[in-house]
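**Student:** Predicted model and sequence below, questions to follow.
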Amino acid sequence: METIVSVKPLLAVAVSLFGSLLIIIFGKKPNLREACTFLIAFTKFGIIASMIPVILGGQRIYYNLVDVLPGVGIAFRVDSFGLLFALVSSSLWIVTTVYSMGYMRPLKEHSQTRYFAFFALALSSAIGVAFSANLLTLYLFYEMLSLSTYSLVTHHQDKAARSAGRKYLTYLMGASIAFLLPALILTYHFTGTLDFADQGILAGAASKTMLTVMFFLFIAGIGKAAIMPLHSWLPSAMVAPTPVSALLHAVAVVKVGVFSVLRICFHVFGIDLMHALSLDVFLIYFISITILVGSLFALKQDDLKARLAYSTVSQLSYVVMAGGLMSVLGMTGGVLHIAMHAFGKITLFFCAGAILVNTGIKKISEMKGIGKMMPITMGAFFFGSLSVIGLPPFGGFWSKWNLALGCIDINQLPILVVLLTSSLLNAAYFLPITYDAFFSQGSKFNKETTIKEAPVLAVAPLVFTAVVSFILFLWPGIFLELARMTAKAVMGG
């Protein structure tokens with residue numbers, strides 16, 4: 001594969017890193033501050049989108065910033081896998097910025113300048129992980145993401161926020177320092193490199209026992225993937241403002257986790273070594289527990305954001321499944337789920353925030369009849385639900401369809417049963433919310449309730465992402481192509 005040297009991936013990371021300073025400078029002028037945020041977000045997306053023709057043309061982009069160890073530097077590479085994740089994160093940042101204005105201003109949230117500045121830093125970190133060329137670069141941006149999002153998790157500065165923040169750092173940075181960093185050091189010790197390679201770098205580098213131990217260190221060290229039992233930080237982090245939950249804890253942060261797990265499986269171990277050590281089979285059965293138990297936990301939650309959080313815990317493992325489904329179809333489905341789940345789940349979080357802004361209600365049991373007051377919001381919630389469940393005509397259908405075909409392809413019918421059972425559970429915890437919203441009467445909403453949606457800046461983004469979820473069923477286009485390219489490259493085809 002031809003490699004092109006270009007500074008574009010560094011620029012994509014740096015634009016919001018330095019842009020956060022502009023946000024701070026104009027902090028006392030909210031309109032100018034938000035205008036800066038839009039300018040930075042559109043610039044970042046434009047830089048990333050400009051790399052699409054190169055990657056679809058079968059080439060790869062590389063840029064080495066500085067060497068820090070023999071054979072290891074702070075370096076960036078853009079391939080189909082990283083580009084897919086970067087497109088999702090950067091495009092949804094623009095939508096979330098609109099939503100943040102519709103959410104933060106009516107609630108008169110404090111420290112909005114700090115909020116927008118750390119949001120920009122978090123997006124730099126996420127794109128840094130997406131475009132990392134080696135484990136060291138990935139690790140540095142992974143930790144930078146934990147630190148930059150800590151301020152957002154603790155935004156409210158109350159007892160619950162501080163407690164959630166402590167758990168957040170304990171789980172994410174504690175795991176990465178205790179497990180991920182040693183795995184990284186061992187990889188360098190045995191191979192002399194940390195660079196990602198299409199067929200992996202660890203084959204034959206150490207004994208089978210040592211390689212198996214290193215795999216477990218990697219998986220345990222990536223807490224952002226929220227694989228059980230390292231998942232409880234995610235529901236706790238829902239104390240953050242809803243835009244943070246929507247973009248960072250349903251898209252950017254958690255997708256950095258599953259993206260990193262797949263990088264390890266695909267480009268550090270490689271599928272041949274994964275299969276030789278039976279780690280592929282272990283992985284898909286191990287994460288099946290998270291898929292099912294996460295859905296069962298979601299079913300029990302009355303707090304809407306908590307239900308969405310446990311749903312995310314479950315759905316993330318659909319992506320991780322790509323690391324063990326050794327077929328082009330299965331890997332395509334898992335990688336594609338990064339995009340499809342992102343648009344569906346961010347719609348649901350946007351709806352939860354719009355309900356909170358408009359009514360102050362958080363509990364599902366208090367939302368009976370709310371569809372009469374907020375028909376647009378609850379209609380979008382229904383669309384987002386169908387996409388996350390994996391039903392047509394919404395984009396989530398294609399990722400789960402490919403995952404199911406991947407299970408059949410490698411004759412793993414028990415895993416297919418897990419996926420179908422989980423989808424049924426998804427329907428069981430999502431569809432009653434919409435039904436009760438439109439067809440039940442509660443103590444707060446009845447026949448006399450008049451229509452009163454949240455501010456337009458809070459409603460327009462959720463309508464947009466719901467419509468995109470529908471469009472992605474008709475034209476999965478760029479995301480499906482990038483997912484297929486990733487799977488074929490990993491499979492050596």
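**Tutor:** Thanks, I have it. Numbers count the residues shown, from 1 in each chain.
**Student:** gap between stretch 156-163 and the chain center?
**Tutor:** Centroid separation for stretch 156-163 versus its chain: 24 Å, with Cα atoms, centre = their mean, to the nearest Å.
**Student:** And the strands in the stretch 51-200 of the chain, which stretches?
**Tutor:** Assigned by DSSP state E, counting those that start in this stretch, the stretch 51-200 of the chain shows strands spanning 60-69, 72-78.
**Student:** Any buried residues in the first one, and which?
**Tutor:** Buried positions in strand 60-69, judged by neighbour count with 16 or more other Cβ atoms under 10 Å: 60-63. For every residue, glycine as well, the C-beta is placed using N, CA and C.
**Student:** contact partners of that strand?
**Tutor:** Identification of contacts with strand 60-69 by Cβ atoms under 8 Å, 6 or more residues apart in numbering yields 1-10, 51, 54-55, 73-79, 133, 136, 188.
**Student:** any weak-confidence spans in this structure?
**Tutor:** For the chain, residues meeting the criterion pLDDT under 70 lie at 249, 493.
**Student:** Which single helix of it contains the most residues?
**Tutor:** In the chain, taking DSSP state H as the definition, the longest helix is helix 328-359.
**Student:** which strands and helices sit next to that one?
**Tutor:** Contacts defined by 3 or more Cβ pairs under 8 Å, 6 or more residues apart in numbering; DSSP states H and E place helix 328-359 against helix 80-104, helix 242-247, helix 253-263, helix 304-320, helix 375-389, helix 396-409, helix 456-474, helix 477-491.
**Student:** follow-up on the earlier one: including distance to residue 314, could the buried residues of strand 60-69 go into JSON lines?
**Tutor:** JSON lines is the format used below for these (distance: Cβ to Cβ, whole Å):
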{"residue": "60", "distance to residue 314": "33"}
{"residue": "61", "distance to residue 314": "34"}
{"residue": "62", "distance to residue 314": "36"}
{"residue": "63", "distance to residue 314": "37"}
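**Student:** which of those sit farthest apart?
**Tutor:** 60 and 63 (11.1 Å; Cβ to Cβ).
**Student:** quick revisit: tell me the one among the buried residues of strand 60-69 nearest to residue 330.
**Tutor:** Nearest to residue 330 among these, counting by Cβ to Cβ, is residue 60 at 23.4 Å.
**Student:** measure residue 145 to residue 455 for me?
**Tutor:** 30 Å (Cβ to Cβ, to the nearest Å).
**Student:** do residue 197 as well
**Tutor:** The gap separating residue 197 from residue 455 is 49 Å, by Cβ to Cβ.
**Student:** Same check on residue 118?
**Tutor:** Counting by Cβ to Cβ, the gap from residue 118 to residue 455 is 23 Å.
**Student:** Looking at these two now, which is surrounded by more residues?
**Tutor:** Using other Cβ atoms under 10 Å as the criterion, residue 118 and residue 455 rank with residue 118 on top: 22 against 15.
**Student:** so what's that one closest to, chain neighbours aside?
**Tutor:** Nearest residue to residue 118 in three dimensions, chain neighbours excluded: residue 151, at 4.6 Å (Cβ to Cβ, 6 or more residues apart in numbering).
**Student:** Neighbours of the one you found, how many?
**Tutor:** Each residue near residue 151 was counted by other Cβ under 10 Å, and the total is 19.
**Student:** my guess is it meets residue 114, correct?
**Tutor:** Yes. The pair residue 151 and residue 114 qualifies as a contact (Cβ atoms under 8 Å) at a distance of 6.5 Å.
**Student:** Next, the contact list for the closest residue in space to residue 63 that isn't next to it in sequence, please.
**Tutor:** Spatial nearest neighbour of residue 63, excluding adjacent residues (Cβ to Cβ, 6+ apart): residue 76 at 4.8 Å. By Cβ under 8 Å, 6+ apart, the contact set of residue 76 is 9-10, 13, 61-65, 128, 131-133, 137.
**Student:** do you know how far residue 76 is from residue 83?
**Tutor:** Here residue 76 is placed at a distance of 12 Å from residue 83 (Cβ to Cβ).
**Student:** How many residues are close by residue 250?
**Tutor:** When neighbours are counted by other Cβ under 10 Å, residue 250 registers 30.
**Student:** ok, it - contacts?
**Tutor:** Counting by Cβ under 8 Å, 6+ apart, residue 250 has contacts 308, 312, 342, 345-346, 348-349.
**Student:** for residue 290, same thing?
**Tutor:** 226-228, 231, 313-314, 316-317 are the contacts of residue 290 under Cβ under 8 Å, 6+ apart.
**Student:** Distance from the strand or helix carrying it to the middle of the chain?
**Tutor:** Per DSSP states H and E: residue 290 is located in helix 279-300. Helix 279-300 has its average C-alpha position 17 Å from the chain's average C-alpha position, going by Cα atoms, centre = their mean.
**Student:** Buried residues of it, list them for me.
**Tutor:** Of all the residues in helix 279-300, those buried under the rule 16+ other Cβ under 10 Å are 279-284, 286-288, 290-295, 297-299.
**Student:** Is residue 16 in contact with residue 121, as I believe?
**Tutor:** Yes. Between residue 16 and residue 121 there is a contact under Cβ under 8 Å: 7.1 Å.
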